[in-house]
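**Q** what follows is a predicted structure for the sequence shown.
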Amino acid sequence: MQRIFSGIQPSGIPTLGNYLGAIRNWVALQADHDCLWCIVDLHAITVWQEPAELTRATREMAATLLACGIDPARHVLFLQSSVPAHARLAWIFNCVARLGWLNRMTQFKDKAGRDREAASTGLYVYPNLMAADIHAYHATRVPVGDDQRQHLELANDIGEKFNHDYGTDFFPRIEPLILGPAARVMSLRDGTKKMSKSDPSDQSRINLNDDAEAIAQKIRRAKTDPEPLPSEPAGLEGRPEARNLVGILAALTGTDLAGVLRAHGGQGFGAFKGTLADALVATLGPIAAETRRLLGDPGALDAILRDGAARAAAVADPIVAEAERLVGFLRLR
Ligand code: ATP
Ligand code: MG
């Protein structure tokens with residue numbers, strides 16, 4: 001069975017983008033893969049996190065993943081900071097990756113904003129840690145949203161350079177799994193920007209814990225254009241906001257853009273937004289309710305994460321120890 005690794009940052013409440021681009025696919029992959037699901041708190045602090053809020057968001061992320069159908073008995077759910085192998089391998093990769101490679105990463109440019117000199121060095125080397133997350137388990141398949149494609153290419157470059165420099169074939173190639181019609185859900189305020197849980201505007205996203213009223217209100221206020229919906233996908237060209245809303249409904253109802261437009265082409269956004277809000281509430285309502293129930297027992301959540309960390313470390317520790325031996329670190333007898 002192929003080993004899958006994927007991560008999500010506890011940098012806020014998970015969004016519809018995280019659900020459709022990542023979590024929902026994770027749940028499906030559990031049927032025929034051996035999966036490691038990691039709440040990547042080391043990644044989260046590459047931008048400022050209020051400590052108490054980070055702690056709270058981490059438990060909430062664990063509860064949400066379980067509510068979505070992540071199975072901690074057959075697979076492994078754990079916190080990145082609980083398994084030191086990630087940070088150990090990341091340091092080695094900091095010394096393998098080249099400045100020129102990191103300079104090409106578009107997520108750094110997006111997240112650092114205008115004042116790049118003020119960005120943390122952690123944000124800059126974030127892709128090296130992500131490469132370590134995956135390679136520490138010899139994972140070969142990584143289900144992510146389309147926004148992570150460039151980081152996965154870099155993870156392969158790092159694995160290859162390590163293998164080349166140390167004369168080994170220790171790190172396998174990683175295959176990205178970018179699945180579904182909503183691999184990139186865009187902001188509700190700007191159809192050219194991806195939906196993010198750390199976007200300062202709450203109106204830009206649907207949070208997985210939004211209630212029916214909040215969902216309906218955010219969809220009503222979502223940016224659109226004055227034209228009715230086209231009857232074919234080609235008519236969405238140059239209309240990023242319209243395309244995004246159609247893509248979201250397609251993902252929720254298990255069809256594609258063409259399927260949604262066959263049913264709703266010619267409709268104005270008033271009516272379409274009503275249908276979309278109803279579909280969102282039907283999917284997200286039960287997840288929010290189950291998340292609230294799980295948050296009522298933090299001890300049980302922590303026990304799941306503690307067990308997950310022990311099982312993750314049992315896989316990663318020998319792999320990272322071997323990488324350290326290949327580098328030439330003296331292994332004391
Ligand atoms: P942050 O803004 O803090 O980076 P995020 O919303 O981008 O948060 P991440 O924790 O960085 O979420 O990513 C978790 C997973 O969700 C990744 O697999 C990523 O590809 C996916 N993902 C994130 N945003 C979207 C989106 N808008 N559409 C589809 N997939 C997404
Ligand atoms: Mg992100």
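**A** That came through, no problem. Ligands and ions are numbered 1, 2, ... in the order given.
**Q** burial of the residue lying closest to Leu326 once chain neighbours are set aside, as a residue count?
**A** Take Leu326 and drop its neighbours on the chain: the residue closest to it by C-beta to C-beta, 6 or more residues apart in numbering is Tyr166, 4.7 Å away. Heads up, the C-betas are built off the backbone N, CA and C, glycines and all. When neighbours are defined as other C-beta atoms under 10 Å, Tyr166 has 16 of them.
**Q** quick check: phi and psi on Tyr166?
**A** phi -100, psi 10 (degrees, to the nearest 10).
**Q** touching, it and Glu324? I think so.
**A** No - Tyr166 is beyond contact range of Glu324, at 11.0 Å (criterion: C-beta atoms under 8 Å).
**Q** please report the distance of the residue in the stretch 101-250 of the chain that ligand 1 sits nearest to from Pro176.
**A** Using C-beta to the nearest ligand atom, the closest approach of the stretch 101-250 of the chain to ligand 1 is made by Gly145 at 2.4 Å. Distance, Gly145 to Pro176, by C-beta to C-beta, to the nearest Å: 10 Å.
**Q** do Phe272 as well
**A** Counting by C-beta to C-beta, the gap from Phe272 to Pro176 is 32 Å.
**Q** more crowded one of these two?
**A** Ranked by neighbour count (other C-beta under 10 Å), Phe272 and Pro176 place Phe272 first, with 21 against 17.
**Q** is it true that the more buried one touches Leu229?
**A** Yes - with contact defined as C-beta under 8 Å, Phe272 counts as touching Leu229 (6.1 Å).
**Q** overlap in contacts, these two.
**A** Among the neighbours of Phe272, those also in contact with Leu229 (C-beta atoms under 8 Å, 6 or more residues apart in numbering) are His264.
**Q** can you give me the helices for this protein?
**A** Assigned by DSSP state H, the chain shows helices spanning 16-18, 24-29, 41-44, 51-68, 85-96, 99-103, 106-112, 121-135, 149-165, 212-221, 240-253, 257-264, 269-295, 298-327.
**Q** need those helices in CSV (columns: mean pLDDT).
**A** Formatted as CSV, the helices of the chain follow (pLDDT from 0 to 100):
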stretch, mean pLDDT
helix 16-18, 96
helix 24-29, 95
helix 41-44, 98
helix 51-68, 98
helix 85-96, 98
helix 99-103, 97
helix 106-112, 94
helix 121-135, 98
helix 149-165, 97
helix 212-221, 98
helix 240-253, 96
helix 257-264, 97
helix 269-295, 97
helix 298-327, 98
